[in-house]
Structures are given as structure tokens and as C-alpha cells.
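S.K.: can't give you the sequence, but here's the structure:
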């Protein structure tokens, strides 16, 4: 009888933990935030500093992918309307000093700048660049999962002009 009780208790704990973990993984797929369509105010008056394009950093991983263009102005980072990443929890937009960021790059140990939580998994989005950030010191924009410390998608940026 004691073994049955221990087995049932173990099953409840294991099932609860597994269900919780599955829920964290599945939730963004079942209830993704709607696409965003933010525009750049005074686009004609702003100076473009850099441009880039997101890539699928690890093609063998079907979950962590990204695509689309990014435009960086002097005080604003704009994800273009073709931007898209695979859904997940706690995605953030980082400026990273390293170029050619891969899943092996130690992003969390670099002097990255966190521009904020990703607003949606697709569509155009704006992120303010804090005053004093010298964009010449950054070579990549990265979508990073803070919950699991995982690279979602990097974009090398090229300075314009």
C-alpha cells in the first residue's frame, strides 16, 4: 500500500511539473499577441544610422527563428513590417557589440543594451534608444529569450553613411 501511495504521489508531482512546463512552452503558440503596426513618426526628418536583416541563426532548430529587416535611427530602432520570430516567452530586443552572433556567443556576458520586451512576434515595432548610446559600438541587434537565455534571431547591422 505504501508503494502505491508513493507511486501516485510521484505521478502527481511529475505530471504537474510536466504540465506546467508544457504550458509555458505552448501558451505563446495558442495565445500569441496580435501583430503590431507601428510607424516611424517624422520618418523623412530622421537620419538613418544603420540597417540590418534578421536571420535564422540555427537552421536545425525550427522553433527559434527570425526574419525581416531592422532600421536604426539616431534615437529609435524600428523593426520593419516584414519582421517575424517564432513565438516564445520573454523575448527582448538587445543591441550587442559583437558581430555575427551565434547560439555560442556569450550575449549575456557582453555589454548589451536592452531596449525592452518584444511587443509582438510579427509586424513593425519601435524601440527607443537611450540617450548616450553610441551606435558605432554595436554591430548586432538580437532577439533574446530572457526566460531561457536563448538566442532567437540575430541581425548584423551595417552603419549607413
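M.R.: Arrived safely, thanks for sending. What you see is a predicted model, and the numbers here were worked out from it, not measured in a lab. Residues are numbered from 1 along each chain as shown.
S.K.: Report the contact partners of the residue most central in space within the chain.
M.R.: By C-alpha atoms, centre = their mean, the chain has its centre lying nearest to residue 143, at 2.5 Å. Counting by C-beta atoms under 8 Å, 6 or more residues apart in numbering, residue 143 touches 54, 66, 85, 91, 92, 93, 94, 118, 151, 152, 153, 154. The C-beta positions use only the backbone N, C-alpha and C, and glycine is treated the same way.
S.K.: and what of residue 99?
M.R.: With contacts defined as C-beta under 8 Å, 6+ apart, residue 99 is in contact with 139, 140, 156.
S.K.: Please name the bridge partners of the last one.
M.R.: The reference is to residue 156. residue 53, residue 140 (DSSP bridges).
S.K.: And it, how close does it get to residue 12?
M.R.: The gap separating residue 156 from residue 12 is 48 Å, by C-beta to C-beta, to the nearest Å.
S.K.: For the two, indicate the residue with more neighbours.
M.R.: Legend: neighbour count by other C-beta atoms under 10 Å for residue 156 and residue 12, higher for residue 156 (18 against 10).
S.K.: Is the more buried one in contact with residue 142, as I believe?
M.R.: No. Counting by C-beta atoms under 8 Å, residue 156 stays clear of residue 142, with 10.2 Å between them.
S.K.: Find the residues that touch each one of those two.
M.R.: Common contacts of residue 156 and residue 142 (C-beta under 8 Å, 6+ apart): residue 101.
S.K.: where's the residue found closest to residue 84 once you drop the neighbours it is linked to in the chain relative to residue 9, distance?
M.R.: Distances taken as C-beta to C-beta, 6 or more residues apart in numbering put residue 122 closest to residue 84, at 4.2 Å, once the chain neighbours are dropped. From residue 122 over to residue 9 the distance is 43 Å, taken as C-beta to C-beta.
S.K.: Looking at these two, which is more packed in?
M.R.: Neighbour count, other C-beta under 10 Å: between residue 122 and residue 9, residue 122 has more, with 20 against 10.
S.K.: Wait, the more buried one touches residue 86, no?
M.R.: No. Counting by C-beta under 8 Å, residue 122 stays clear of residue 86, with 10.1 Å between them.
S.K.: sorry, back to before: how about the contacts of residue 143 in TSV, adding neighbour count?
M.R.: As requested, the contacts of residue 143 are arranged in TSV below (neighbours: other C-beta atoms under 10 Å):
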residue	neighbour count
54	25
66	23
85	22
91	23
92	18
93	20
94	22
118	22
151	22
152	27
153	25
154	28
